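Asker: no sequence on this one, just coordinates:
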């Protein structure tokens, strides 16, 4: 590691500027772009008065999303957190269960578990994928799991372990096949947190189609945005029907009666937001191409910089490169902070990875395996400007 | 009551047609109208790229809402259910508490209580307001409440009773002053479910400003819509700050760090939806005027019809008349259904009141006082077309 963090930070600023061609307009972390039919579709909602829960764009958006991802079903909801909450409920997660979640994730992954009254149980991640390290997890579960009636229990807490929720961090797919096998071996439901990975593929198949259920997000900083929004993917017709039912107050269909057969949620995506997303999905291929071009530029720039490397997708993955990841060769919070400070002061928006979940007071008493890689990565990762337009207009 | 429901239904169809001047375009229950600056503001979001959680319209919408209602603070959220959920959490409702809710309400009122792990305890309503009957509630609480350390406990269940959540049904204000007094007497927190009552006033003061907290809704069928949306009103700066914090993942402010000090929610309203609502609020006075004009027309028509009357605001209230309410003089499910069938077949959208909460399987085991008026009103109420444009264009 360089002995001079000031110099190192200067080098990073220069490398980013070179890659994005010095245009300060392009220096946001991830800026949405509306250059397609978005306005036409949004305006159509206002013209027709269909802005809310009913309207054609919700269905059209769901259909286009299913088609693009190759998922049999897609259910649009109000945001990614809501999507994950419903996925977990439909996975059978009950109050008092444990759910395996990476510690290196956005807080919504753990919160969605809490909303079910369940307890997140934190797993370490791999430096190669930034997601759950399946080898470590398998070893760990072999140690702590007792199998009773084909159900896994944590021998230390006595609680059932119900599901595993890998997160495809910054769009980079985790190694899904061994996770699928692990879930089969331990009778755990696989729920993919694909909030960041629309447009990311694992061995030719879209992320979010491996789990029994998966959650997508279309927040404003995501690769495709609906303002706020999310979706549930599943290959199971019954689960898709239940997802729609639970997210629309569990109202039974009737010409006028109000009967609700479950404690449901008001999680539907408004038609206005779906219209925006419908237009955005048309633009996704362009966004992905330009983000790969940006990756190539950053790769070229950072290949010359000692002590730092750009995260590159592993062989099995085609990543959407939602957020570009710089990794210091070794943990160095001083250098990390100096780079964050200098880049942000220079108008280049950067940020560190999330505080690991087990370091938040609200989750410090949750069970976890040893988390050495998570703790190291928390001091090594910096996200840098990643918008499609950083690689130019279409 | 008429012996001939077929004839009675014909009379109702004719009366509605007369009031709305026979225009079938106007026959929706409540249709939004976008004839103001909504386009301009929504397009501004797309032009600037600010469609999501950050952006000027969320703040502008909150400020305009606070100004209009005379509330010190307004916090925009993703929908009315989310607003009520957060209101209850901030009212101190904990798992295992009981919360007084009218049985005659939309299911979200009870669900929001369930989301807190608390138990809705159902109150009967008054025929004069369609909301909680405060005299009955006072009598009932005097019977069942044990006071310990200035806290009310249900002597039958042993659980704390924490809050009262009156709902201003169809926009018609409940009798708030005696409810405020009752809450003081029994140390209960008053949370107003004002989801339907934007533009409704009680003795000159806006509904939703009497409780410690209140929830508004801007769903597509509401008097003002944001596509999907809601807001929390409060007069307490600390509660307003907490509401914003809890609805935005409880993230602590920092230039780049991700620290969250509570299990928060992703309940923020997107800027895109706030822009629509900002435009809609400019139009609210026009909506209210035309809805009062419609009320006058309906009143004129139904004054001639025996066995049925139009619900009119009590003396203390100025109602937004969100949804017009027809009331059969006495419970008659056969007549009610015949009117519903005939009006809907004639292209006039009508609906009954919600199935009372204590009649839903999911809440049938919840505690409740005797609910005779609720049960009667469930067989007496019919909502009829109520859009502003039923009384003509501006």
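Answerer: Great, that's in hand. Just so it is clear, the structure is predicted and the values come from calculations on it, not from any experiment.
Asker: Can you give me the neighbour number for the residue of the stretch 101-250 of chain A found nearest chain B?
Answerer: Taking C-beta to the nearest C-beta, chain B has its nearest neighbour within the stretch 101-250 of chain A at residue A:220, 2.1 Å off. All C-beta spots, glycine's among them, are computed from the backbone N, C-alpha and C. For residue A:220, the count of nearby residues is 23 (other C-beta atoms under 10 Å in any protein chain shown).
Asker: show me what contacts it?
Answerer: For residue A:220, the residues meeting the contact criterion (C-beta atoms under 8 Å, 6 or more residues apart in numbering or on different chains) are A:32, A:227-228, B:50-54, B:270-271.
Asker: Next up, identify which helix or strand it is on.
Answerer: Under DSSP states H and E, no helix or strand contains residue A:220.
Asker: can you give me the strands for the stretch 51-200 of chain A?
Answerer: A:73-77, A:98-102, A:119-123, A:145-148, A:151-154, A:160-164, A:189-193 (DSSP state E, counting those that start in this stretch).
Asker: Contacts made by the helix or strand bottoming out on mean pLDDT in chain A with the rest, please.
Answerer: Ranked by mean pLDDT, DSSP states H and E, the helix or strand of chain A with the weakest confidence is helix A:5-19, at a mean of 92. Helix A:5-19 has contacts (C-beta under 8 Å, 6+ apart) with A:2, A:27, A:294, A:297-298, A:300-302, A:304-305, A:307-308, A:326, A:332, A:334-335, A:338-339, A:341-343, A:346, A:348, A:382, A:384-385, A:390.
Asker: Could you give me the ChimeraX selection string for whichever of the residues you listed are buried?
Answerer: Buried residues within the contacts of helix A:5-19, by 16 or more other C-beta atoms under 10 Å in any protein chain shown, are selected in ChimeraX with:
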select /A:2,27,294,297,298,301,302,305,308,326,332,335,338,339,342,343,346,348,382,384,385,390
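Asker: Check what pLDDT the closest residue to residue A:242 other than its chain neighbours gets.
Answerer: Leaving aside its chain neighbours, residue A:242 sits nearest to residue A:90 (5.8 Å; criterion: C-beta to C-beta, 6 or more residues apart in numbering or on different chains). With respect to pLDDT, residue A:90 scores 98.
Asker: do residue A:381 as well
Answerer: We have a pLDDT of 98 for residue A:381.
Asker: again with residue A:121
Answerer: Looking at residue A:121, its pLDDT is 98.
Asker: Is the residue lying closest to residue A:309 once chain neighbours are set aside bridged to anything, and to what?
Answerer: For residue A:309, ignoring the flanking residues on the chain, the nearest one in space by C-beta to C-beta, 6+ apart is residue A:327 at 5.5 Å. Using DSSP bridges, the beta-bridge partners of residue A:327 come out as residue A:309, residue A:381.
Asker: surely residue A:327 meets residue A:381?
Answerer: Yes: assessed by C-beta atoms under 8 Å, residue A:327 is found in contact with residue A:381 at 5.9 Å.
Asker: and the two? which has more neighbours close in?
Answerer: residue A:381 (22 against 18).
Asker: how about low-confidence regions in chain A?
Answerer: Within chain A, the ranges that satisfy pLDDT under 70 run A:1-3, A:22, A:24, A:26, A:394.
Asker: which one is residue A:42 nearest to, not counting chain neighbours?
Answerer: residue A:275 is the one closest to residue A:42 (C-beta to C-beta, 6+ apart), at 4.9 Å.
Asker: Remind me what whichever helix or strand the one you found is part of packs against, helices and strands.
Answerer: Under the criterion of DSSP H and E, residue A:275 resides in helix A:271-302. Counting contacts by 3 or more C-beta pairs under 8 Å, 6 or more residues apart in numbering or on different chains; DSSP states H and E, helix A:271-302 packs against helix A:5-19, helix A:38-48, helix A:56-69, strand A:308-310, strand A:324-328, helix B:271-303.
Asker: Residue A:172: which of these is closest?
Answerer: The closest of the helices and strands packed on helix A:271-302 to residue A:172 is strand A:324-328. By C-beta to C-beta, the value is 7.7 Å.
Asker: Do me a favour and get the end-to-end distance for stretch A:32-45?
Answerer: Start and end residues of stretch A:32-45 are separated by 20 Å (C-alpha to C-alpha, to the nearest Å).
Asker: I appreciate the help and will end here.
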